[in-house]
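In: sharing a model prediction with you, sequence too.
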Amino acid sequence: NKPIPHLTLVGNIPGGKEYNFDFFNEEKITYYPPIEDRKQLGDIYRKNKYFYFPCYNDASPNSLGEAIACGCKPLLINPSGGAIE
């Protein structure tokens, strides 16, 4: 049996929970609005293996550094800006 992937979304997602993610078929999705509690955010990072960072040209993204510090492997980082460094 293959494990079922789980997608965790945190932040200002257009449409929130109503956003159309039908292309994920049976995968599970958890949506969190922006989180101010740093401990709660760290717990969410630690529950995930990967961190997808779609931002362009962010010189020093806190979210990326936080995710890496919590053990997430960054995926699909745009090669522009400071994120790749």
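Out: Ah, there it is. Numbering: from 1, shown residues only.
In: got any ranges where the protein has weak pLDDT?
Out: Scanning the chain with the threshold set as pLDDT under 70 gives 14-27, 56-57, 76-81.
In: mind listing the helices in it by residue range?
Out: Applying DSSP state H to the chain gives helices spanning 38-46, 62-69.
In: I'd like those laid out as JSON lines, including mean neighbour count and distance to Tyr31.
Out: The way it works is simple: take the backbone N, C-alpha and C, and place the C-beta from them, glycine included. Formatted as JSON lines, the helices of the chain follow (neighbours: other Cβ atoms under 10 Å; distance: least, Cβ to Cβ, whole Å):
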{"stretch": "helix 38-46", "mean neighbour count": "14", "distance to Tyr31": "11"}
{"stretch": "helix 62-69", "mean neighbour count": "15", "distance to Tyr31": "16"}
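In: how about TSV for those helices, with distance to Lys28 added?
Out: Supplementary listing: the helices of the chain in TSV, determined by distance: least, Cβ to Cβ, whole Å:
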stretch	distance to Lys28
helix 38-46	14
helix 62-69	20
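In: which residues touch Ala83?
Out: 53, 55, 58, 61, 64, 77 (Cβ atoms under 8 Å, 6 or more residues apart in numbering).
In: what is the neighbour count of the residue lying closest to Tyr45 once chain neighbours are set aside?
Out: In this structure, Tyr45 finds its nearest non-sequential neighbour in Cys70, 3.6 Å apart by Cβ to Cβ, 6 or more residues apart in numbering. Using other Cβ atoms under 10 Å, Cys70 has 16 other residues around it.
In: and Cys70, how close does it get to Asn1?
Out: 28 Å (Cβ to Cβ, to the nearest Å).
In: then Pro33?
Out: Distance, Pro33 to Asn1, using Cβ to Cβ: 33 Å.
In: who has more neighbours, these two?
Out: Pro33 (12 against 3).
In: how close does that one get to Ile44?
Out: 12 Å.
In: wouldn't Lys49 be in contact with Cys72 here?
Out: Yes: with contact defined as Cβ atoms under 8 Å, Lys49 counts as touching Cys72 (6.8 Å).
In: now do the strands in this protein.
Out: 6-10, 28-32, 50-52, 73-75 (DSSP state E).
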